[in-house]
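**Q** coords please:
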Amino acid sequence: MSSSGSDAGDLCNLVIGKKYKLVRKLGAGTYGDIYVATDVPNEREQVAIKIESIDSPHATLYYETRIYKMFHAPDGFPDWKWCGQDLECGYNFMVLELLGPSLEQMFEFCGRQFSLKTVVMMLGERVEFLHSKSFVHRDIKPDNFLMGFGQNRRKVSED
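**A** Residues are numbered from 1 along each chain as shown. Presented below is the predicted three-dimensional model:
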């Protein structure tokens, strides 16, 4: 994991929770890595898996899981599927609905130009929802907000 002290390296083909097979690394954040995985029984369903070291001094996945469970995946938040750990490989895992590109990627695609109205429409509802639940995001940046995928491709979600 990037700054947690240990590196997940290439975990592709690892099976998580006897159900999800890691396919490819999507990216890395401050506290862990994110992979695309397939649901082993249903090879066509893809999910996102956040991974952090069990030894991480700032383990956040279990806390983040509690928040997702509280929200019950309202519009604009990924659907939470499973959370657990593998003591043998030394990681905590959180399985979420796979989302599309980040706002940073969309910003690049749009020639680095969004109107103020677009930004307010894309982020306003998500941040307002969090505040209505007495949560402060603390890391608002384009990389942490993702577009939906498939039938939800026109919706912005908080990651």
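
**Q** Stretch 107-123: end-to-end distance?
**A** The first and final residues of stretch 107-123 sit 13 Å from each other (CA to CA, to the nearest Å).

**Q** can you list the domain ranges for the chain.
**A** Domain segmentation of the chain under automatic domain parsing yields 1-98, 99-159.

**Q** what's the most buried one of these?
**A** domain 1-98 (a mean of 16; mean count of other CB atoms under 10 Å). Any C-beta I mention is one placed from the backbone N, CA and C, and that applies to glycine too.

**Q** Which stretches in the chain count as strands?
**A** 15-16, 20-28, 33-39, 46-53, 80-86, 91-97, 145-147, 156-158 (DSSP state E).

**Q** circling back to that earlier point, so can I have JSON lines of the domains of the chain showing mean pLDDT?
**A** As requested, the domains of the chain are exported to JSON lines (pLDDT from 0 to 100):
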{"stretch": "domain 1-98", "mean pLDDT": "84"}
{"stretch": "domain 99-159", "mean pLDDT": "82"}
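
**Q** dump the residue contacts of Phe93.
**A** Contacts for Phe93 (CB atoms under 8 Å, 6 or more residues apart in numbering) come out as Ile16, Gly17, Ile49, Lys50, Ile51, Leu61, Trp82, Cys83, Gly84, Gln85, Asp86.

**Q** sorry, that was for Asp143
**A** Contact analysis of Asp143 by CB under 8 Å, 6+ apart lists Ser102, Leu103, Glu104.

**Q** And the residues you listed, which is closest to Tyr91?
**A** Nearest to Tyr91, judged by CB to CB, of the contacts of Asp143 is Ser102 at 23.2 Å.

**Q** So which residues of this structure form helices?
**A** In the chain, the segments counted as helices under DSSP state H are 61-71, 103-109, 116-132.

**Q** Turn those into TSV, columns for distance to Ala37.
**A** What follows is the helices of the chain, written out as TSV (distance: least, CB to CB, whole Å):
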stretch	distance to Ala37
helix 61-71	15
helix 103-109	20
helix 116-132	25
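
**Q** Leu146: which of the ones you listed is closest?
**A** Leu146 lies closest to helix 103-109 among the helices of the chain, at 7.4 Å (CB to CB).

**Q** From the chain's centroid, how far away is that closest one?
**A** With CA atoms, centre = their mean, to the nearest Å as the basis, helix 103-109 stands 17 Å off its chain's centre.

**Q** go on, stretch 80-98?
**A** Put simply, stretch 80-98 sits 12 Å off its chain's centre (CA atoms, centre = their mean).
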